[in-house]
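**Student:** Need coordinates for the following:
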Amino acid sequence: MTASIRRLAVAASLGLIAAAVVASPALASPQVLDVAPQTGHKVHYPTVQAAEHARGAAKQAAGAAPASQLAYGGGVSGVGVTTGAPLVYLVFWGSQWGTAGTDANGDQSFTGDTRKIAPVLQEMFKAIGTSGETWSGVMTQYCEGVAAGSTSCPASSAHVGYPTGGALAGVWYDSGVTAPSTSSDTDIARVALAAAANFGNTSTAANRSIQYVVVSPPGTHPGGYNTPNANWCAWHDWTGDTGLVGTPIGSSYHVAFTNLPYIPDMGLSCGANYVNLLGGSLDGVSIVEGHEYAETITDQFPGGGWLDATGYENADKCSWVGTGGTGGAQNVSFGTGRTFPMQGTWSNDSASCRIAHPIVTAGSSNAVTIDAIGAATTVQTHTGSVQAVGHDSVLTSLTYSATGLPAGITMNAATGLMSGTATTKGTKTVTVTVADGTGATASTSFTWTVTATTVTITPLPGNLVSVPRRTTVTGPTMAGSTTDLVSSALTWSASGLPSGVTLSSAGKFGGVTSRTARTYNVTVTATDGTGTKATYTFQWKVT
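**Tutor:** Here you go, the predicted model:
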């Protein structure tokens, strides 16, 4: 991504999006990325409907695109990533925010903040970096000072800093002006520079670990936000970007900044209720701003930091890919006792989206870790898979091995995926080991239980068969199912049948009924390939 690649993708250019979209579930979800093809003009990310169309077009045209690793962009003006402890200044732009006050948590509040997002942003940045939280750890694996195109970071390189003790550095209410109804890119950049001056940070060096978040009041359209042709949520950039739309800035120093509109104005399109279906109307506030924060510290002056082959930054690759698991958006608990919905970000060392990662510090010795898999994994169908995920602080390739796997289950040494068809039932203690290229290893153990299979028989309609005497029988045919995927065919047998009637091993009744009228209690047995049986009793009436 070049310096101009800072915005959220374009709805008008679905063909470009379809060609570059990263493989992810085709979810009906909002879009809040800040990437674009390297065209140098404003490009916006699609709405829910446009995104679904683009993803469908991409799959139809090329199938699921393989995920590519992030690579270092070489730096812009000597800046690649935020190497010091990241600091965030929140700037509430415009007198429309109303009268300022202080709430019970010591946060600035505003009478014009109709949805109360100001305290959410302040509390979120107070929480990030507390008690060794590991959401921020995902970003610390990236660095600068390596060759452009590098996808790994040696321990000696300058890694992304960890925001120990909280990332919030200050709050400024820029109340002396009225925020325009629609502002240009350079209008927003000038507010960021004014905030830097307000806090006394008046050189590029003084702003080396700082980012300014310009938050616009409700009902405004910063950069064209929430207008018919601008279906995006936020973007970040730096004030030295010559591609910014508007009157040139002409500043002697430059800062990293985010254009954060009033997110609730876009509702579901920008993440409302994305994680919390009930009571999650402000989910998008922390998801969107967390997204921009994570991208700024790994690509401070876009795109001198870390991007993939399509121009996606670390948060772009994991936006709106679903909730939960190891990489989806979810509620994250921080050391302040607060919980915020956050999205996962891309982790090169596991080639996947991650919501947490061990903290990596510059100059630290090489370390390998592996995520806990859990106390038990139950495979009821004999066929299953379990993913092991390891991490290496210097981003070398990892090799996986396992002992104690159930018979029939094997491990992919390159990916850590354990899969196959178990051939015996029972419980095994499995130990997974991950090793890197330096010989460092880490292990974790869990239990894998392969349960007995089950057989189910479908009842006959009415639970009664009525056939006249001396009649040729051509059915019915019994039906059933089994969870045994080793051998799913059922073998049938029966007792108590009327004289002359038989049941084939395939479950079909046949023969000729007897001359005597009576009612028979018939028991049918179905047996699967493991010997598991089920029985079913019904009445057969010869009339």
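**Student:** H391 is in contact with G416, correct?
**Tutor:** No - the criterion here is C-beta atoms under 8 Å, and G416 misses it with H391 at 11.2 Å. The way it works is simple: take the backbone N, C-alpha and C, and place the C-beta from them, glycine included.
**Student:** Now do the shared contacts for those two.
**Tutor:** By C-beta atoms under 8 Å, 6 or more residues apart in numbering, G416 and H391 have no common neighbours.
**Student:** Show me the helices in the chain, by range?
**Tutor:** 14-20, 48-62, 117-127, 185-198, 283-298 (DSSP state H).
**Student:** mean pLDDT lowest for which of the ones you listed?
**Tutor:** Ranked by mean pLDDT, the helices of the chain end with helix 14-20 at the bottom, a mean of 28.
**Student:** in the chain, which residue is closest to the centre?
**Tutor:** Taking C-alpha atoms, centre = their mean as the criterion, G328 is the residue nearest the geometric centre of the chain, at 2.6 Å.
**Student:** quick one: that residue and Q141, what's the gap?
**Tutor:** Separation of G328 from Q141 (C-beta to C-beta, to the nearest Å): 19 Å.
**Student:** Report the buried residues of stretch 468-484.
**Tutor:** For stretch 468-484, the neighbour count (16 or more other C-beta atoms under 10 Å) marks 473, 478, 480, 482-484 as buried.
**Student:** actually stretch 536-543, not the one I typed
**Tutor:** In stretch 536-543, counting by 16+ other C-beta under 10 Å, buried: 536, 538, 540, 542.
**Student:** Also stretch 215-222?
**Tutor:** Buried, per 16+ other C-beta under 10 Å, within stretch 215-222: 215-217, 220-222.
**Student:** Same check on stretch 338-350?
**Tutor:** 338, 340-350.
**Student:** what's the span of it, first residue to last?
**Tutor:** Here the two ends of stretch 338-350 are set 28 Å apart, with distance taken as C-alpha to C-alpha, to the nearest Å.
**Student:** Then stretch 256-275?
**Tutor:** Across stretch 256-275, first to last residue, C-alpha to C-alpha, it's 29 Å.
**Student:** quick one on the thing from earlier: so the residue nearest to the centre of the chain makes contact with G322?
**Tutor:** Yes - counting by C-beta under 8 Å, G322 is a contact partner of G328 at 4.4 Å.
**Student:** Low-confidence regions, the protein specifically.
**Tutor:** Residue ranges of the chain with pLDDT under 70: 1-67, 362-367, 375, 380-383, 393-396, 437-439, 484-488.
**Student:** Quickly list the domain ranges of it.
**Tutor:** 14-354, 368-450, 455-542 (automatic domain parsing).
**Student:** so which of the ones you listed is the most packed in?
**Tutor:** Greatest average neighbour count among these goes to domain 14-354 (a mean of 20), per mean count of other C-beta atoms under 10 Å.
**Student:** Can you lay out the buried residues of stretch 468-484 as a markdown table showing distance to A315?
**Tutor:** What follows is the buried residues of stretch 468-484, written out as a markdown table (distance: C-beta to C-beta, whole Å):
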| residue | distance to A315 |
| --- | --- |
| V473 | 67 |
| M478 | 55 |
| G480 | 49 |
| T482 | 45 |
| T483 | 40 |
| D484 | 44 |
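**Student:** Can you pick out the most distant pair from those residues?
**Tutor:** V473 and T483 (31.1 Å; C-beta to C-beta).
**Student:** between the domains of the chain, which gets nearest to T361?
**Tutor:** domain 14-354 (6.5 Å).
**Student:** Check the offset of that closest one from the chain's centre.
**Tutor:** On the basis of C-alpha atoms, centre = their mean, to the nearest Å, domain 14-354 sits 16 Å off its chain's mean C-alpha point.
**Student:** repeat for stretch 350-369
**Tutor:** 18 Å.
**Student:** Regarding it, how distant is the last residue from the first?
**Tutor:** 11 Å.
**Student:** What residues does the residue nearest to H221 when sequence neighbours are not counted make contact with?
**Tutor:** Nearest non-adjacent residue to H221, counting by C-beta to C-beta, 6 or more residues apart in numbering: T182, 4.4 Å away. Applying C-beta under 8 Å, 6+ apart to T182 gives the contacts 220-222, 224, 227.
**Student:** Now, those residues that are in strands?
**Tutor:** Assigned to strands by DSSP state E, the following of the contacts of T182 qualify: 221-222.
**Student:** unless I'm mixing things up, V368 is touching T433, no?
**Tutor:** No - contact between V368 and T433 fails when scored by C-beta under 8 Å: they sit 9.6 Å apart.
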